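Novice: Sequence and predicted structure below; questions after.
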Amino acid sequence: MYDWIIDLFNILLNFLYNLVVSLANMLKDLVYILFEELLEASKFVVSTISNLLTPIDMSQYFTGLPSSIGWVFGQVGLPQAIAMIITAITIRLILQLIPFTRLGS
C-alpha cells in the first residue's frame with residue numbers, strides 16, 4: 001500500500017547520491033582547470049622573459065676567453081650554476097609580489 005513512498009524515497013536517495021558524485025567531479029574538474037590555467041600563465045611568463053632576454057648576446061663575452069678556461073668552466077658546471085642562481089633570484093622576486101609569502105625577507 002505504501003510502496004510508492006518507499007520508491008519515491010529511493011529515487012530521492014539515488015538523486016542525492018548522483019548529485020554529490022557530480023558535484024565532486026565538478027570540483028575536481030575545477031581544480032584541474034585552475035591548475036592548467038596556472039601552468040599556461042607560467043608558460044606565458046617564461047616565454048615573455050625569454051623574449052625579453054633574446055636581444056642580449058652573451059656569446060660575445062665568452063668567445064674572447066681562451067678555450068682552456070671555457071673547458072674548465074664547463075667541467076666545473078659554471079653554466080648550470082649560473083642558470084640555477086638566476087632562476088632562484090627570479091623565483092624570489094616573483095614570490096615577493098605575492099602577499100603573505102614574505103617570510104624572512
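Specialist: In hand now; what should we look at?

Novice: C-alpha only now, for contacts and for neighbours.
Specialist: Noted.

Novice: Got the domain ranges for the chain?
Specialist: Domains of the chain are assigned by automatic domain parsing as 1-56, 58-105.

Novice: what about the longest one, average pLDDT?
Specialist: Domain 1-56 comes out with an average pLDDT of 90.

Novice: if we can go back for a sec, want to throw the domains of the chain into TSV with mean neighbour count?
Specialist: Below are these laid out as TSV (neighbours: other C-alpha atoms under 10 Å):
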stretch	mean neighbour count
domain 1-56	11
domain 58-105	11
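
Novice: most centrally placed residue in this structure?
Specialist: With distances taken as C-alpha atoms, centre = their mean, the residue of the chain nearest its centroid is residue 39 (4.5 Å).

Novice: Would you map the helices across this protein?
Specialist: Secondary structure of the chain (DSSP state H): helices located at 3-53, 59-62, 67-76, 78-97.

Novice: Pull the distance from the third one to the chain's centre.
Specialist: Centroid separation between helix 67-76 and its chain, computed with C-alpha atoms, centre = their mean, to the nearest Å, is 34 Å.

Novice: repeat for the last one
Specialist: Using C-alpha atoms, centre = their mean, the distance from the centre of helix 78-97 to the centre of the chain it belongs to is 15 Å.

Novice: what's the angle between that helix and helix 67-76?
Specialist: Interaxial angle, helix 78-97 versus helix 67-76 (axes from the mean of the first three to the mean of the last three C-alpha atoms, to 10 degrees): 60 degrees.

Novice: Since that was my last question, I'll sign off now.
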